[in-house]
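Enquirer: sequence and predicted structure are below.
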Amino acid sequence: MYRVLICDPLSEEGIRPLLDAEDVEAIADPSLSHEELLEAVKSVQAIIVRSQTQVTREVIEHAENLQVIGRAGVGVDNIDLDAATEHGVVVVNAPDGNTISTAEHTMAMLMSLARNIPQAYHQLQQKRWERKKFVGVELKGKTLGVVGFGRIGREVAQRAKGQRMKVIAYDPFLNQEKADKAGVDHGTLQEVLQQADFLTVHTPLMEETKHLIDREAIQLMKPGARILNCARGGIVDEDALYQAIQSGKIAGAALDVFEEEPATEHPLLSLTEVVATPHLGASTVEAQENVATDVSYDVLEHLRGGTVRNPVNMPSVSSEMMEQLSPYFKLSERLGAFLSRVVEGTLERVSVYYSGELTDVDTTPLTRIAIKGILRRHIGQRVNDVNAFKTASDKGIVINEQKSTSTKGFTNLLTVEIETDQEKRSIAGTLLNGLGARIVQLDQYSIDVVPDGNLILIHHKDQPGAIGRVGSLLSEHNMNIATMQVGRTNQGGDAVMVLTVDKEVESECQDRLGEITDINKVQCLTL
Ligand SMILES: NC(=O)c1ccc[n+]([C@@H]2O[C@H](COP(=O)([O-])OP(=O)(O)OC[C@H]3O[C@@H](n4cnc5c(N)ncnc54)[C@H](O)[C@@H]3O)[C@@H](O)[C@H]2O)c1
Ligand SMILES: O=C(O)CC[C@@H](O)C(=O)O
């Protein structure tokens with residue numbers, strides 16, 4: 001049974017898949033204090049949050065069984081991604097479900113700002129019929145500067161064009177072709193700042209975007225321009241904005257988000273030129289249902305060992321690529337696991353070579369899985385697809401991935417090579433059409449072994465009787481041999497036997513195998 005803690009209020013319809021799942025115990029508690037949260041996370045496999053709950057390193061470190069953190073929304077600035085990655089915890093979000101609601105909210109804020117609607121309403125509530133005080137400006141013909149032309153920025157631009165505004169956008173990924181297609185101008189940040197009558201930001205909050213709109217940026221803007229932030233508090237420097245409004249440089253601002261939330265005492269709220277909402281961009285019935293559904297799906301999928309659609313801290317794999325690569329997942333992990341169990345010494349370098357039909361695809365996910373297979377021998381289940389590369393690099397292991405032209409006659413070939421301070425070993429495998437995975441090479445020996453079950457690897461001298469003696473001894477220990485493969489370099493030279501047996505080999509049996517004449521080394525492993 002998976003325990004899933006839902007910390008912030010989420011649409012009940014949206015989390016229906018979790019509530020109905022027979023293998024899930026969903027615990028919804030949006031009122032936990034910090035101390036209660038630290039206690040509650042100890043026993044759960046998944047946490048789901050919106051923007052309110054801070055999933056800090058401390059929280060993640062308390063959550064000993066945690067596998068996945070779901071963010072019902074876009075921004076993941078309330079989750080310590082480094083800590084999650086280090087602990088092998090997958091973070092998933094719901095990036096699409098609230099785009100329209102947030103774009104619509106931005107338009108509502110834009111119009112409120114242009115026509116002073118909240119301020120005028122507030123006066124009416126005070127029984128004051130003020131008309132002169134609230135003369136607004138038209139949007140038609142004005143320029144909207146959009147900083148961050150992602151999902152929401154693009155939707156806002158389309159809507160602003162509907163108001164017959166001119167739109168100029170800046171985004172590091174926006175080029176002329178994309179801008180033409182969207183029917184907007186594109187410019188540098190400086191050009192956008194200089195031309196905007198209204199400036200709206202739609203970037204994530206990151207180191208590079210923190211105070212992106214600061215005192216200097218505001219200085220570049222037209223006198224009397226207006227600023228909107230429905231993305232994240234902190235993208236616009238709040239002190240600089242406050243001063244710019246007070247000095248008259250900026251005519252007004254519309255804010256849905258603040259550097260610190262809740263922000264009921266914020267000085268900007270005392271300015272009549274400011275319209276504000278308490279982080280309501282995504283607060284619609286539709287958006288909340290969408291994000292809760294999306295995140296529930298991914299959380300369930302991850303817990304059940306499936307592939308998530310919106311991973312944040314591991315690269316996503318397109319469904320097309322997934323179709324090509326997934327048959328190799330098990331092979332890749334098993335090759336890594338096999339070799340890690342037979343190699344001796346301290347791991348220094350892992351190289352993974354791909355040939356045949358594998359040369360045409362992005363094989364990074366397969367390398368990651370091979371590394372996971374290798375590291376699990378020493379680190380256990382704590383290493384997974386999320387932290388495999390990071391764990392290897394933290395341990396000083398160099399990883400090298402290469403495409404190779406040597407197919408050795410196979411349509412696909414995956415070779416894993418490990419170098420330690422004592423030796424260099426390699427293993428190669430292939431997927432045989434209709435027959436599944438096979439180990440086809442171990443060091444210099446050609447073999448044909450299914451990478452599954454209880455295996456015995458024996459290094460011996462190619463001499464008459466060696467195989468028979470192994471068979472007899474295994475039978476004495478009541479060990480049934482399912483398959484046996486022998487590989488040798490030359491007649492009478494070094495050779496290997498790889499046997500699959502029906503149960504795990506006991507240490508006494510392994511020791512006795514090692515004492516047989518002409519047998520040099522015996523290694524037993526279970527895949
Ligand atoms: N107010 C709300 O309730 C609410 C709701 C949803 C999303 N959001 C926030 O809105 C923002 C945008 O969300 P989205 O779904 O459009 O994200 P997105 O990832 O689709 O788009 C973000 C865009 O910002 C661009 N960008 C990154 N750094 C930039 C920089 N230095 N200058 C200019 N552009 C830069 C990226 O290239 C990307 O195109 C996020 O901060 C998100 O958290 C707020
Ligand atoms: O949880 C919310 O309502 C806010 C979500 C929003 O800020 C987001 O980044 O998706």
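Expert: Sure, I can see it. Ligands and ions are numbered 1, 2, ... in the order given.
Enquirer: which phi and psi values does the residue of the chain found nearest ligand 1 adopt?
Expert: Closest approach between the chain and ligand 1, counting by C-beta to the nearest ligand atom: Gly150, at 1.7 Å. No exception for glycine: its C-beta is placed from N, CA and C like everyone else's. Note on Gly150: its backbone torsions stand at phi -100, psi -150 [degrees, to the nearest 10].
Enquirer: neighbours around the nearest residue to it once chain neighbours are set aside, how many?
Expert: Closest residue to Gly150 apart from its sequence neighbours, by C-beta to C-beta, 6 or more residues apart in numbering: His202 at 6.3 Å. Residue crowding around His202 was assessed by other C-beta atoms under 10 Å; the count is 27.
Enquirer: which ones are touching His202?
Expert: For His202, the contacting residues are 106, 146-150, 152-153, 156, 230-231, by C-beta atoms under 8 Å, 6 or more residues apart in numbering.
Enquirer: top of the residues you listed by neighbour count?
Expert: Counting neighbours by other C-beta under 10 Å, Val146 leads those with 30 neighbours.
Enquirer: three-state assignment of it?
Expert: Under DSSP: H, G, I helix; E, B strand; the rest coil, the three-state class of Val146 is strand.
Enquirer: how much space between Ile374 and ligand 2?
Expert: Separation of Ile374 from ligand 2 (C-beta to the nearest ligand atom, to the nearest Å): 37 Å.
Enquirer: hang on, that residue packs against Ile418?
Expert: Yes. Under the criterion of C-beta atoms under 8 Å, Ile374 makes contact with Ile418 at 6.8 Å.
Enquirer: which of these two has more neighbours?
Expert: A direct count of neighbours by other C-beta under 10 Å for Ile374 and Ile418 places Ile374 higher, at 29 against 22.
Enquirer: and the more buried one, how far is that from Leu525?
Expert: Remark: distance between Ile374 and Leu525 (C-beta to C-beta, to the nearest Å) = 13 Å.
Enquirer: which neighbours do the two have in common?
Expert: Shared contacts of Ile374 and Leu525, defined by C-beta under 8 Å, 6+ apart, comprise Ala337.
Enquirer: residue contacts, whichever residue of the stretch 401-527 of the chain sits closest to ligand 2?
Expert: Here the stretch 401-527 of the chain gets closest to ligand 2 at one residue, Glu401, 34.3 Å apart by C-beta to the nearest ligand atom. For Glu401, the contacting residues are 351-354, 363-364, 367, by C-beta under 8 Å, 6+ apart.
Enquirer: surely it is in a strand?
Expert: Yes. The assignment for Glu401 is a strand, going by three-state DSSP.
Enquirer: just list whatever residues bridge to it.
Expert: Beta-bridge pairing for Glu401 (DSSP bridges): Val352.
Enquirer: tell me the mean pLDDT over the helix ranked longest in the chain?
Expert: Criterion DSSP state H: the longest helix present in the chain is helix 319-342. Helix 319-342 comes out with an average pLDDT of 90.
Enquirer: distance from the chain centre to that helix, please.
Expert: Centroid separation for helix 319-342 versus its chain: 19 Å, with C-alpha atoms, centre = their mean, to the nearest Å.
Enquirer: tell me which other helices or strands it touches.
Expert: Secondary-structure packing of helix 319-342 (3 or more C-beta pairs under 8 Å, 6 or more residues apart in numbering; DSSP states H and E): strand 347-356, helix 364-379, strand 412-420, strand 424-432, strand 436-442, strand 519-526.
Enquirer: angle of the fifth one against strand 412-420?
Expert: With axes from the mean of the first three to the mean of the last three C-alpha atoms, to 10 degrees applied, the angle from strand 436-442 to strand 412-420 works out at 50 degrees.
Enquirer: looking at this structure, what residue ends up closest to ligand 2?
Expert: For the chain, C-beta to the nearest ligand atom, closest residue to ligand 2: Gly73, 2.6 Å.
Enquirer: surely Asn65 is within a helix?
Expert: No. Read with three-state DSSP, Asn65 is coil and lies in no helix.
Enquirer: distance of it from Arg382?
Expert: Using C-beta to C-beta, Asn65 is found at 11 Å from Arg382.
Enquirer: likewise Pro223?
Expert: From Pro223 to Arg382 the distance is 57 Å (C-beta to C-beta).
Enquirer: quick check: residues of the protein near ligand 1?
Expert: 73-75, 95, 98-99, 102, 147-153, 170-173, 202-205, 208-209, 212, 230-232, 256-257, 279, 281-282 (C-beta under 6 Å from any ligand atom).
Enquirer: now do the domain split for the chain, please.
Expert: Following automatic domain parsing, one finds the domains of the chain at 2-97+286-303, 99-276, 315-434, 453-527.
Enquirer: and the second one, how far from the chain's centre?
Expert: Same thing as domain 99-276. Between the centre of domain 99-276 and the centre of its chain there are 30 Å (C-alpha atoms, centre = their mean).
Enquirer: what about it and ligand 2, touching?
Expert: No. Contact of domain 99-276 with ligand 2 (C-beta under 6 Å from any ligand atom) is absent, the minimum separation being 7.0 Å.
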